[in-house]
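Visitor: Show me how the following folds:
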Amino acid sequence: MEKEIAVLKKCLHGAGAILKKHFTKTGYTLKGRANLLTKADLESQKFVLGQIAKAFPGHDYLAEENGIRETGSSHIWVIDPLDGTLNYAHGYPASVVSIGVMKNGKPFAGGIYDPFRDETFIGVKGKGAALNGKRIKVSPVKKLEDSLLVTGFAYDRAEIPDFYCGFYSDFLRRCHDIRRSGSAALDMAWTACGRADGFWEFKLNPWDVCAGRIIVEEAGGKVTDFGGKAWTDLKTFGRETLATNGKVHSEMLAIIRKRLSKIS
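Guide: Reported below is the predicted structural model:
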């Protein structure tokens, strides 16, 4: 376990240094209308994969930028080398490196590094979660009416804006307020340390949420799909994401389900 965590931290901080080096100095290409790719994404991913290959040549990985190795290894590293690329490309400092580690099909460890605030979030199964080495816990907020929520909108937001704004409107009527950072991994990290009380989003990918899941859970929170079920298949991680302090989870589920029932 110690070696995996040491390599995880090395990957996070090395990749974070790459993001800082290229910040405001690189252009981008488009993978979709609002899905961007920068030089920093590719360089960061190359560094992380290189470190993993050196330390654990038999381990598999799933990385956002067309990086996948499937050999049946007991360990799978799930990597987002730059979560919040659109922010990054516009010089908006809300981007992170996010790396989760699966062992025998279950979350084992996860790390999220914010190079702009020099904040390292780490979660290890059965060992708790920490921010820069200090134990963190989710917020104590018990009611949705007293909560601060965070959310994001999927890449098809321009095609179905009313769909996403319907949920936003429902929650806005019930909570203190809602924030949108543009990085799902950052939103989950901040939910884990109590800066936000709940986070929801549609159509995320495994690399967006794998690390955040174990950090939230090890901080005492809860992560499920919109049916209230925990994710089981890595390929479906993030399709429906609700991450909370656990105390407002049922209220948030009820609002999401009610809105979905109106649509269907």
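
Visitor: which ones are touching the residue most central in space within the chain?
Guide: With distances taken as C-alpha atoms, centre = their mean, the residue of the chain nearest its centroid is Ala185 (2.4 Å). Shown in contact with Ala185 (C-beta atoms under 8 Å, 6 or more residues apart in numbering): Asp80, Asp83, Gly84, Val96, Ser98, Ile112, Asp208, Val209, Ala211, Gly212. Yep, even glycine has a C-beta here, placed from its N, CA and C like the rest.

Visitor: Same check on Ile136?
Guide: Ile136 neighbours (C-beta under 8 Å, 6+ apart): Phe121, Ala129, Ala130, Ala192, Cys193, Gly194, Ala219.

Visitor: for those residues, which one is nearest Arg257?
Guide: For the contacts of Ile136, the minimum distance to Arg257 (C-beta to C-beta) is 24.3 Å, reached by Ala192.

Visitor: ok, the closest one touching Val138?
Guide: Yes. Using C-beta atoms under 8 Å as the test, Ala192 is close enough to Val138 to be in contact (6.3 Å).

Visitor: before we move on, the earlier item: among the contacts of Ile136, give me the pair with the biggest separation.
Guide: Ala130 and Gly194 (13.2 Å).

Visitor: what residues go with each domain of this protein?
Guide: 2-135, 144-263 (automatic domain parsing).

Visitor: how about the ones you listed in CSV, adding mean pLDDT?
Guide: Shown next, in CSV, are those (pLDDT from 0 to 100):
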stretch, mean pLDDT
domain 2-135, 94
domain 144-263, 97
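
Visitor: And the contacts of the helix ranked longest in the chain?
Guide: Scanning the chain for the helix with the most residues, using DSSP state H, yields helix 2-22. Helix 2-22 is touched from outside by 38-40, 43-45, 47-48, 51-52, 55-56, 75, 81-82, 88, 95-97, 99, 101, 108-109, 111-116, 120, 122, 124, with contacts defined as C-beta under 8 Å, 6+ apart.

Visitor: Kindly give a single ChimeraX line that selects the buried subset of the residues you listed.
Guide: The following ChimeraX line selects those of the contacts of helix 2-22 that are buried, judged by 16 or more other C-beta atoms under 10 Å:
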select :38,40,43,44,45,47,48,51,52,56,75,81,82,88,95,96,97,99,101,108,109,111,112,113,114,115,116,120,122,124
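
Visitor: Can you flag which of the contacts of helix 2-22 belong to strands?
Guide: Residues from these lying in strands, with DSSP state E as the criterion: 38, 75, 81-82, 96-97, 99, 101, 108-109, 111-114, 120, 122, 124.

Visitor: Quick check: Arg33 vs Ala53, distance?
Guide: 34 Å (C-beta to C-beta, to the nearest Å).

Visitor: With adjacent residues omitted, what lies nearest to the residue nearest to the centre of the chain?
Guide: In space, and not counting its chain neighbours, Ala185 is closest to Ser98: 3.8 Å by C-beta to C-beta, 6 or more residues apart in numbering.

Visitor: With Arg33 instead?
Guide: Counting by C-beta to C-beta, 6+ apart, the residue nearest Arg33 is Ala158, at 6.4 Å.

Visitor: just the helices in the stretch 101-250 of the chain please.
Guide: 161-172, 184-192, 206-218, 249-263 (DSSP state H, counting those that start in this stretch).

Visitor: Quick one: closest of those to Leu234.
Guide: Closest of those to Leu234 is helix 206-218, at 5.5 Å (criterion: C-beta to C-beta).

Visitor: Would you quantify the distance from the residue nearest to Arg33 to Tyr164?
Guide: 10 Å.
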